[in-house]
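> got a predicted structure here, sequence first:
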Amino acid sequence: METQTFSFAASRFVPVAVGFFGLGTGYFIWGGQSLFGFPKTSPEVNRTMGMWGFWMPGFMQFITGVYLLVGLTWFNVFGNAAPLYMAGLAFTAYGVHWFAMAHRRYLDASSQPDGWMAIAFLFLSILGIHVFYNAADIPVMILFIGLALIYALEIPTRLLSWHTGTRLVGLVQFLTGIWLMYLTYAVTVDTALGAKLWV
């Protein structure tokens, strides 16, 4: 039997805006509540926050990460775009971690173990800074700086029950959410309209 080889056309439609928008929405919801204290935490609010966390930053990042990794490894539709490997790793890992955090919040379980998780995600964020700095993709490097700050604050906030840290995490999440909305806008108009925004 002869082996058939299939090849797919290269695509310029890299789905990173999907992941950016999902994470940005999650940071507005979770960060906004932590920063402004509204709405007040209650079992009902925690269940709603958990559902939003699962679907927006969780599912939208996870599907983006899987799409990127499959496109890079199985079908090679994104060409020689090696930094997208880091993006695929990050979107997939952050998506799954949001599934876990959202489920924890939905159940109103303890957030203290999240401090240990934050150590691994601080490492992943620093790795993203390194990769995108060396790839000269400064806008995405800025995103990873925001992520690194969030996880660096999460470690003492969760492990030591540092109450001021909760508000600081919310502030950095909210600011990072604003940057993610810019990245969503820039990637979308660059791809759809041929604009040349900084991204």
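Now that the structure is in, tell me what you want to look at.
> report the contact partners of residue 156.
By C-beta atoms under 8 Å, 6 or more residues apart in numbering, the contact set of residue 156 is 115, 162, 165. Any C-beta I mention is one placed from the backbone N, CA and C, and that applies to glycine too.
> mind putting these into a markdown table with pLDDT and neighbour count?
Compiled in a markdown table, the contacts of residue 156 are given as follows (pLDDT from 0 to 100; neighbours: other C-beta atoms under 10 Å):
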| residue | pLDDT | neighbour count |
| --- | --- | --- |
| 115 | 97 | 18 |
| 162 | 96 | 17 |
| 165 | 97 | 18 |
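> in the protein, which spans are helices?
Under the criterion DSSP state H, helices of the chain are mapped to 16-36, 43-53, 60-73, 83-106, 114-134, 138-159, 163-193.
> circling back to that earlier point, which one of the contacts of residue 156 is nearest to residue 146?
Of all the contacts of residue 156, residue 146 sits closest to residue 165, with 15.9 Å by C-beta to C-beta.
> any figure for the gap between residue 144 and residue 79?
23 Å (C-beta to C-beta, to the nearest Å).
> who has more neighbours out of those two?
More crowded of residue 144 and residue 79, by other C-beta atoms under 10 Å: residue 144, with 23 against 12.
> wait, that one touches residue 122, no?
No. Residue 144 is beyond contact range of residue 122, at 10.7 Å (criterion: C-beta atoms under 8 Å).
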